[in-house]
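Asker: return atomic coordinates for the entry below.
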Amino acid sequence: QVQLVESGGGLVRAGGSLRLSCAASGRAFISLTTAWFRQAPGKEREFVARITWSDSLSYYGDSVKGRFTISRDVAKNTMYLQMNSLKPADTAVYYCAARETSSSRYEYWGHGTQVTVSS
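Answerer: Alright, predicted model coming up:
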């Protein structure tokens, strides 16, 4: 079983930065891929970024490329999302998720953290 807890959300002005954290527990993560998703009110959940823990390979959604950076700290079992040049369109609840790297389905989810970007 995997437990995921997000933190670091808040209110920031457009152009500002935030760093989200996702603390993971319950098992070793070396065989997992973890990701960030977000969901704005009235919209479908959107993929933001993912990272493979074994080799730190990352991949980003088109809307955040060049502005967001995903990373992980194996020793701390924590994943991060550094968000720069934030826009009001980035306002959403951000969720971290985890899956076996060999699987396509994200089985584990956190409860989310709110990010609000004011114009």
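Asker: when you work out contacts or count neighbours from here on, use the C-alpha atoms and nothing else.
Answerer: Noted.
Asker: which parts of stretch 35-42 are buried?
Answerer: Buried positions in stretch 35-42, judged by neighbour count with 16 or more other C-alpha atoms under 10 Å: 35-40.
Asker: closest one of these to residue 59?
Answerer: Top of the list for closeness to residue 59, among the buried residues of stretch 35-42 and by C-alpha to C-alpha, is residue 35 at 9.2 Å.
Asker: doesn't the closest one fall inside a strand?
Answerer: Yes: read with DSSP: H, G, I helix; E, B strand; the rest coil, residue 35 is one of the residues of a strand.
Asker: so which strand or helix has the closest residue to it other than its chain neighbours?
Answerer: Leaving out its chain neighbours, the residue that sits closest to residue 35 by C-alpha to C-alpha, 6 or more residues apart in numbering is residue 50, at 3.9 Å. Element membership of residue 50 [criterion: DSSP states H and E] is strand 46-52.
Asker: cool, residue 28 as well?
Answerer: Under the criterion DSSP H and E, no helix or strand holds residue 28.
Asker: any idea how far it is from residue 12?
Answerer: Look at residue 28 and residue 12: by C-alpha to C-alpha, to the nearest Å, they are 34 Å apart.
Asker: and those two? which has more neighbours close in?
Answerer: With neighbours defined as other C-alpha atoms under 10 Å, residue 28 and residue 12 compare such that residue 12 has more, 18 against 12.
Asker: so what are the sheet partners of the host helix or strand of that one and their directions?
Answerer: For residue 12, the enclosing helix or strand under DSSP H and E is strand 10-13. Taking DSSP bridges as the criterion, strand 10-13 pairs within the sheet with strand 113-118 (parallel).
Asker: that'll do, ta.
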